[in-house]
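Engineer: Give me coordinates for this.
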Amino acid sequence: MTNKIIAKSANSGGLAIFIYSLIAFYSLLTTFDAVSKTAIAGSCTITNVVGVTFGSYDVFSNMPTDAVGNVTYRCIDLGTDLITIDLNKGNSNSYNSRTLKSGDDALNYNLYLDSGKNIIWGNGTESSSHYGPLNPTNNSDVMVSIYGRIPAQQTRTKSGNYSDTITITIFFSVI
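Structural biologist: Residues are numbered from 1 along each chain as shown. Below is the predicted model:
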């Protein structure tokens, strides 16, 4: 089995605790095992990323601040092979609480696979989950929502521009 990894890095910045649109670039990271590239018939590309934009965050509100972004990908000629999509930790040391940073100041938040914000989107470790595995429709754009939440009442947070950088990685297995 060969695993091919395609990554898209996304940078987001904030103004008055905003997350701006993710600006991304592509990078083919590596091909594992001693299989030639010609043995990998299929491919996947991240075609678009719309950032999770929270807007203003009120430190005194009893309600969390929620927002939705998305990633669009397209896979070609995968046959019966499956893909998964992972998000990295960004500024954080843990998936259990990601961190937006403004200098030395931090604001906790997280990214989720589901609209109920119960399933943390990560890499399958630390109670996080992958998107997938699945076999996407051939040569069609697939848009996946990224649900974000900043927990309420982070009252020690200072005003500022908070940001995080998240890398989106598509893994697929050639059997």
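Engineer: Show me how far stretch 51-70 is from its chain's centre.
Structural biologist: 17 Å (CA atoms, centre = their mean, to the nearest Å).
Engineer: mind listing what's buried in that stretch?
Structural biologist: Across stretch 51-70, burial judged by 16 or more other CB atoms under 10 Å covers 51, 52, 53, 54, 57, 64, 65, 67, 69. Backbone N, C-alpha and C define where each C-beta goes, glycine included.
Engineer: Farthest pair within the residues you listed?
Structural biologist: Greatest spatial distance among the buried residues of stretch 51-70 (CB to CB): 51 and 64, at 18.2 Å.
Engineer: coming back round to it: which one in the buried residues of stretch 51-70 is the model shakiest on?
Structural biologist: Lowest pLDDT of those: residue 53, 88.
Engineer: Isn't that one up against residue 66?
Structural biologist: No - Residue 53 is beyond contact range of residue 66, at 11.0 Å (criterion: CB atoms under 8 Å).
Engineer: What about the residue lying closest to residue 140 once chain neighbours are set aside, how many residues nearby?
Structural biologist: Nearest residue to residue 140 in three dimensions, chain neighbours excluded: residue 74, at 6.6 Å (CB to CB, 6 or more residues apart in numbering). Using other CB atoms under 10 Å, residue 74 is surrounded by 17 other residues.
Engineer: I'd assumed residue 44 was in contact with residue 74.
Structural biologist: Yes - assessed by CB under 8 Å, residue 74 is found in contact with residue 44 at 7.0 Å.
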